[in-house]
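Asks: what would the 3D arrangement of this be:
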Amino acid sequence: MTYLPRVALEIKTIGLYDLVLQDVQKIAGKSNVNEDEILEIMQENPQIIEEYKQINVEYNLSNIHLKNIEIETLDEKCVNEAHQINMDLEHLREIEKYTLDFEQSSTLVIIFSIEFFVLFSVQYFIVLMDLKEWQILIYSVFASSIFFAWRYAKKERKKYEENNIIFEKKYLKTLSRIEVLEDEGCITKSDLIIRECEEHV
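Replies: Numbering: from 1, shown residues only. Below is the predicted model:
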């Protein structure tokens, strides 16, 4: 569902993917690569596509380069399956953020940021406000916050793992459904491709 010619064009022309472009240039052994060369390198080095996808997920851009099927234009026999595909595509876009490694997710960054703020507050209350007689209580509050942060992170990690499995299964199932619908003459997959990202335009 990721349209590779679009990926090659974006890697070459959009600053967001400069690090990916640098990796492509390193593999190519030259600084000026065209889209065909990027496509070839991506096919031989799948990690380039994975880097591109990870950046998109981090920036809340979808790697699903397919738009929903327009139900109104279909024969009646195709409508139910097309509707199910549209629902699956929506769900995939919704849970796509869970394909990012939890260690690289914004959730973990937020948890660490909150804990840093709590630690800073602890130091502020003890040192600057001269509350040394309360330091055991203040440190116990900080220790409790670490425990709750750890529990929350563990729960979120599990959510990421479960949704990642759901994503992988639904992705393959939806792809095969699209192919079946195309084989039945209901749709043309190439008509569904989103060839450029509106966020980049």
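
Asks: show me the domain layout of this protein.
Replies: Per the record, the chain has its domains at 1-63, 69-189, by automatic domain parsing.

Asks: for the longest one, the distance to its chain's centre please.
Replies: Right, domain 69-189. With Cα atoms, centre = their mean, to the nearest Å as the basis, domain 69-189 stands 9 Å off its chain's centre.

Asks: likewise the shortest one?
Replies: Computed by Cα atoms, centre = their mean, the chain-centroid distance of domain 1-63 equals 15 Å.

Asks: so which residue is dead centre in the chain?
Replies: What sits nearest the mean C-alpha location of the chain, by Cα atoms, centre = their mean, is Val57, with 2.3 Å.

Asks: surely that residue is in contact with Leu100?
Replies: Yes - with contact defined as Cβ atoms under 8 Å, Val57 reaches Leu100; the gap is 4.5 Å. C-beta coordinates here come from the backbone N, C-alpha and C atoms, glycine included.

Asks: dump the domains of the chain into a markdown table; add mean pLDDT and distance to Arg195 as well.
Replies: Below are the domains of the chain laid out as a markdown table (pLDDT from 0 to 100; distance: least, Cβ to Cβ, whole Å):
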| stretch | mean pLDDT | distance to Arg195 |
| --- | --- | --- |
| domain 1-63 | 95 | 6 |
| domain 69-189 | 84 | 13 |
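
Asks: closest to Glu198 out of those?
Replies: Closest of the domains of the chain to Glu198 is domain 1-63, at 9.9 Å (criterion: Cβ to Cβ).

Asks: ok so, going back, can you say which of the domains of the chain is packed in most?
Replies: domain 1-63 (a mean of 16; mean count of other Cβ atoms under 10 Å).

Asks: end to end, how far does it reach?
Replies: With Cα to Cα, to the nearest Å as the measure, the ends of domain 1-63 fall 7 Å from one another.

Asks: and for stretch 180-189?
Replies: Looking at stretch 180-189, the gap from its leading to its trailing residue is 10 Å under the measure Cα to Cα.

Asks: outside of that stretch, which residues touch it?
Replies: The set of residues external to stretch 180-189 that reach it, using Cβ atoms under 8 Å, 6 or more residues apart in numbering, is 66, 69, 74-75, 77-78, 81-82, 85, 178-179.

Asks: and the domains of the chain: which comes nearest Cys197?
Replies: Relative to Cys197, the nearest member of these by Cβ to Cβ is domain 1-63, separated by 6.4 Å.
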